[in-house]
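Trainee: this one's sequence-less:
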C-alpha cells in the first residue's frame, strides 16, 4: 500500500486525521481507503473505503496487469527460444566436429588393426621358422650323439 500525498479532514476514534492510502492488492487494485494513522498495535481500528467498489474496474485492471505479465513472459520466452536456437546450432557444430574426429579415429583404428595383422603374421612366420630350426638342431644333435656313440663303441 502506498500513502497518498493529500490528507483528509476525516478523523478516527482517536481524534486524529486519518491517513488516505491506496491498495495494491489484486482484488482491489488502486482503490483508496482511510485508516487510523497510529501503528496497528495502538490503532483504534478505524478503516473505511473512500469510494464505492467498482468490481468491473478492478477486474479490468487485473486483466490489464495479467496481460502485461503474459506479454513480458512471452517476450522472455522468445528470447529464451532464440538463445536455445543458438545453443542448438553450437551443439550441431560440436556434433559435426565429433563425427569428424570419430571418422579419423576409426581410420586410425583400421590402420592399426592392419598393422597389427601384419605383425601377427610375421610373428607366426618367425615362430614356424624357429620351430623348424629347433627340430633340425635337435635331430642334428641326436644324430651327432648317435655318431659319437657309434664311434666310441667300435
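Mentor: Yep, it's here. What you are looking at is a predicted structure, and each value in this text was computed from that prediction instead of being measured. Numbers count the residues shown, from 1 in each chain.
Trainee: how about the helices of this structure, start to end?
Mentor: Counting by DSSP state H, residue ranges of the helices within the chain are 55-152.
Trainee: poorly predicted segments of it, please.
Mentor: 1-8, 52-58 (pLDDT under 70).
Trainee: next one: residue 134 from residue 146, what distance?
Mentor: The spacing between residue 134 and residue 146, counted by C-beta to C-beta, to the nearest Å, is 19 Å. For glycine as for every other residue, the C-beta is placed from the backbone atoms N, C-alpha and C.
Trainee: same check on residue 61?
Mentor: Here residue 61 is placed at a distance of 121 Å from residue 146 (C-beta to C-beta).
Trainee: comparing the two, which residue is more hemmed in?
Mentor: For residue 61 versus residue 146, the count of surrounding residues by other C-beta atoms under 10 Å is larger for residue 61: 16 against 10.
Trainee: contacts only, for residue 33.
Mentor: Taking C-beta atoms under 8 Å, 6 or more residues apart in numbering as the criterion, residue 33 is in contact with 20, 21, 22, 23, 47, 48, 49, 50.
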